[in-house]
Structure formats: C-alpha cells, structure tokens
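need coordinates for the below:
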Amino acid sequence: MPATAETARTVRALRAFRERLGLPALVDVHTHFMPERVMAKVWDYFDSAGPLTGVEWPITYRHEERQRVELLREFGVRAFTAMLYPHKPAMAAWLNAWSADFAARTPDCLHTATFFPEEEAAGYVRRAVEDGARVFKAHLQVGAYDPNDDLLDPVWGLLAETGIPTVIHCGSMPAPAEFTGSGPVARLLARHPRLPLIIAHMGMPEYVDFLALADRYPGVRLDTTMAFTDFAERTGVFPAGELGRLLDLGDRILFGTDFPNIPYPYEHQLDALERLGLGDDWLRAVCHDNATRLFGLPDPSALPDPARPSPLP
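Sure, this is the predicted structure:
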C-alpha cells in the first residue's frame, strides 16, 4: 500500500470519525473495480476532461488493484462494491465473469454484476444471480440506453423478484444525456414498483425529483457518492429546503464515494455528510447500518479489526 503522509492522515481522520460515532467500520456501496485495461481507459477519459466531465478531474487513488483494496481496508471499510458497466453490446457478460473472479478472491467485496439492453441480457443476468451476485450496476449516461428498453424487461423482473438492488446512474451530472433525469426511472418504477433501486449520486442535480421517487416507492434508496462535496457543490448545490426529507429518508440513504475515481481525499465525503448537521444517528445509519441491513452483512462485533474484514457469507 502506498505509505504516504497523505494516506496516513486519511487513515487517522477516518479512524477518528468512526470512534467518534461508535462505528465498527464503514460500508461503501459505490466503489469501482474493473479489468485493468478498462480502468485505464476510464482514467484516460478523466485525464482528458472528456465531454461528460469537462473539468479537471485528478484521480486521487490511482494505484494498482491490490493497493486499492488494501487502502479501503486501511480506511476501515468492511464491505465495498466493484461498480463496472458496459458502454456497448457484447461487453457485460465479460465484465461479469471478471467481477465474479474478483469477488471470489476479495471476500470483502460485494459480488457486483452489470447488464446492457441486448438479447443475451436475461440469460447472463440470471447466471450472475445464480453465481451469487449481490448488487448490479446500470449506467444510463455512459451506456446511453433507456432503462425501459423491452430487452431489459426480464432483467428488471428478475431483480424485483429476487430483491437484488441495482445502483443506477440516472442523474444528469456531470452532463445530461438522452435517458438521464427522473423521467425514465419514474416510468420504470411505474412498471416495476417493487424494484430495489439505489440512485447513484443522490440523483444529482435532480435531487428533488429522485427524493420524491423514494417517497413514493419504498424499494428506492439513494447513495451519497460525491453529493454534498465541495467539488460537486460548485455545479449543483443540494437544496437546503430538502434537508428535512433527507433526514426522513435516513434509513434509505447509503454511503458511497466513487473510490478510486475521486478528485479529493476519501474522508472529504464523510466531512461533507457530517456538515449537513443531520445528527449522529443519521450518520451511523448512512455510513454503516443501512447497507449492513440491506446486504445482510455479519454482526460487526465478529470483526476483530475494521481494517482487516472477515469474509462475508
């Protein structure tokens, strides 16, 4: 693991945060692990300030895979995900095979899978479920597809039936696309009202619309990824008038960061959540308890050290 003064400072800050709240560890539902050449292309895109970002976006944790896993453990993260996604057909099944192997050799990673609207989707999603996938990722912005595509109907039906959640990037940040915004997701939920969706990035910048969907559909959750940070607030401020609703939905907000692809230190996401002023109980639920309950993680008292998680069931 990179032993730098910055890393040591982050580890201390995160330990102090957990101790202050009495948290055994953190659960991060939005971290990225991908095949090496895919991750390299993602980093190249950020480096070029591509059209979906358009701003300078330094990757804070640009390390090789093993080092990134060890960093999360040092940060006190007891469970995390491997958010990966296709941008074209005939890619998702290959990504799923890689992710299944990654989960098998990384027991604190929640086995993650993905899909794309194509004839084969129903088959490979069912195989991923049978192989133990615990969370899926859908990226409407990068994939440029309508979640209501008929080819995805059996996929959504299976995920609604099994209760396996999907982290879905559907907000219009950092740039709007044809199928971003709350409209396509609202139509999807009208057809599959029991679908367990986790709205990535709190749905920014359409915060209000996605909070309304969470009010309407009890299976809808939101993750905090990049929301409320200084970086995100420069272009899309969370409306102060909605803090009460954020508090009311406290049992359905999940901690996420976008690690390693973040342009600031890991603890800044936690600082941003704490300065909302919603209280310690809300923070404990968001940073650990809600995801622990959603994914059926083991009793944290069985973990001898948050920085060295035990295998998940």
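
can you read off the pLDDT for the nearest residue to residue 46 once chain neighbours are set aside?
Using CB to CB, 6 or more residues apart in numbering and skipping residues adjacent in sequence, the residue nearest residue 46 is residue 57, 4.5 Å away. Every residue, glycine included, has its C-beta placed from N, CA and C. Confidence at residue 57, expressed as pLDDT, is 88.

run a quick neighbour tally on residue 57.
By the criterion of other CB atoms under 10 Å, residue 57 has 19 neighbours.

which residues sit in contact with it?
The neighbours of residue 57, taking CB atoms under 8 Å, 6 or more residues apart in numbering as the test, are 46-47, 49, 261, 263.

try residue 159
Counted by CB under 8 Å, 6+ apart, residue 159 has contacts 125, 136, 165-166, 195-196.

which one of the contacts of residue 57 has the most neighbours?
Across the contacts of residue 57, the neighbour count under other CB under 10 Å reaches its highest value at residue 261, namely 21 neighbours.

now do the same for it: helix, strand or coil?
Of the three states, residue 261 takes coil under DSSP: H, G, I helix; E, B strand; the rest coil.

wouldn't it be in contact with residue 59 here?
Yes: in terms of CB atoms under 8 Å, residue 261 counts as a neighbour of residue 59; the distance is 5.8 Å.

overlap in contacts of those two?
Between them, residue 261 and residue 59 have 43, 46 as joint contacts when contacts are counted by CB under 8 Å, 6+ apart.

so which residues of the stretch 151-300 of the chain form helices?
Along the stretch 151-300 of the chain, the stretches classed as helices by DSSP state H, counting those that start in this stretch are 153-162, 182-191, 207-216, 230-233, 243-248, 267-274, 280-284, 290-295.

and the helix or strand containing residue 14, which residues are buried?
In this structure, residue 14 is located in helix 5-21 according to DSSP states H and E. By neighbour count, with 16 or more other CB atoms under 10 Å as the criterion, the buried positions of helix 5-21 are 7, 10-11, 13-14, 17-18.

give the buried residues for stretch 217-234.
Applying a neighbour-count criterion of 16+ other CB under 10 Å, one finds 217, 219-229, 232 buried in stretch 217-234.

make that stretch 37-51, sorry
Judged by neighbour count using 16+ other CB under 10 Å, the buried positions of stretch 37-51 are 38-39, 42, 45-46.

do stretch 86-95 as well
Within stretch 86-95, the residues scored as buried using 16+ other CB under 10 Å are 86, 91-93, 95.

redo those as CSV? Include secondary structure, pLDDT and distance to residue 182.
Shown next, in CSV, are those (DSSP: H, G, I helix; E, B strand; the rest coil; pLDDT from 0 to 100; distance: CB to CB, whole Å):
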residue, secondary structure, pLDDT, distance to residue 182
86, coil, 97, 23
91, coil, 98, 27
92, helix, 98, 24
93, helix, 98, 30
95, helix, 98, 27
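
quick revisit: would you double-check that the residue nearest to residue 46 falls in a strand?
No: secondary structure of residue 57, determined by three-state DSSP: coil, with no strand assignment.

mind listing the strands in the stretch 101-250 of the chain by residue range?
With DSSP state E, counting those that start in this stretch as the definition, the stretch 101-250 of the chain shows strands at residue ranges 109-110, 112-114, 135-139, 166-169, 197-199, 221-223.

report the strands that pair with the first one, each with its relative direction.
The one in question is strand 109-110. Taking DSSP bridges as the criterion, strand 109-110 pairs within the sheet with strand 77-81 (parallel).

among the strands of the stretch 101-250 of the chain, which is nearest residue 243?
With CB to CB as the measure, strand 221-223 is the member of the strands of the stretch 101-250 of the chain nearest residue 243 (13.7 Å).

any idea of the mean pLDDT for that closest one?
Regarding strand 221-223, the rounded mean pLDDT is 98.

same check, this time on stretch 46-54
Regarding stretch 46-54, the rounded mean pLDDT is 70.

equivalent analysis for stretch 126-136, please.
98.

what distance separates the start and the end of that stretch?
Start-to-end span of stretch 126-136 (CA to CA, to the nearest Å) is 12 Å.

list the buried ones in it?
Residues of stretch 126-136 classed as buried: 128-129, 133-136 (neighbour count, 16+ other CB under 10 Å).

picking up where we left off before, which of the buried residues of stretch 37-51 sits closest to residue 116?
For these, the nearest to residue 116 is residue 38 (14.0 Å; CB to CB).

what's the spacing between that closest one and residue 257?
Residue 38 is 19 Å from residue 257, where distance means CB to CB, to the nearest Å.

residues contacting the residue nearest to residue 68 when sequence neighbours are not counted?
Excluding the flanking residues, the one nearest residue 68 by CB to CB, 6+ apart is residue 260, at 5.4 Å. By CB under 8 Å, 6+ apart, residue 260 lies in contact with 31-32, 59-63, 68, 71.
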